[in-house]
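Peer 1: can you look at this prediction? I've put the sequence above it.
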Amino acid sequence: MKSHNTPLGRVFDVFNHIILALIALAMIIPFMYVIAGSFATEAELAQRPFFIFPETFTMGAYQYIFSTATFVRSIGVSVFVTVAGTVVSLALTLTMGYALSKARIIGHQFFIYLVIFTIIFQGG
């Protein structure tokens, strides 16, 4: 990181660090609230609108989630769809990329951009 040697440069650095710390705090606090809410009881969630540490620590939400087959099945479906989509996309883009590298056809550049677009924005 480049440091500024002038007084104005140092003030600018301090100001930037304060702004970045506030942005980081704005990103971390909702995440901490969700984690704390997962360990709180339903009554505490209804009673207190915002908290970082629950008064009563309970694992009831996690016991409920992992005791039902719906959650495990949903994770399995998500993993299957992701892996299958990645394999199909990889197979298609590899073969299309190889064919485009060997043959010069009309619209060659368009198809190369199409391959790059599908690699960057996968739907899997």
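Peer 2: Alright, I've got the coordinates.
Peer 1: which strands and helices sit next to the lengthiest helix in the chain?
Peer 2: Within the chain, and with DSSP state H defining each element, the longest helix by residue count is helix 69-102. Of the remaining helices and strands, those touching helix 69-102 by 3 or more CB pairs under 8 Å, 6 or more residues apart in numbering; DSSP states H and E are helix 108-120. (C-beta placed from N, C-alpha, C; glycine too.)
Peer 1: for the longest helix of the chain, buried residues please.
Peer 2: Applying a neighbour-count criterion of 16 or more other CB atoms under 10 Å, one finds 93, 100 buried in helix 69-102.
Peer 1: domain assignment for this protein?
Peer 2: 1-66, 68-124 (automatic domain parsing).
Peer 1: hey, least reliable of these by pLDDT?
Peer 2: For the domains of the chain, the weakest mean pLDDT is recorded on domain 68-124, namely a mean of 84.
Peer 1: hmm, back to that, the longest helix of the chain: how far from the chain's middle?
Peer 2: With CA atoms, centre = their mean, to the nearest Å as the basis, helix 69-102 stands 18 Å off its chain's centre.
Peer 1: relative to helix 108-120, how tilted is that helix?
Peer 2: 160 degrees (axes from the mean of the first three to the mean of the last three CA atoms, to 10 degrees).
Peer 1: before we move on, what SS does residue 65 have?
Peer 2: In three-state terms, and counting by DSSP: H, G, I helix; E, B strand; the rest coil, residue 65 is helix.
Peer 1: residues in contact with it?
Peer 2: Listed by CB atoms under 8 Å, 6 or more residues apart in numbering, the contact partners of residue 65 are residue 71.
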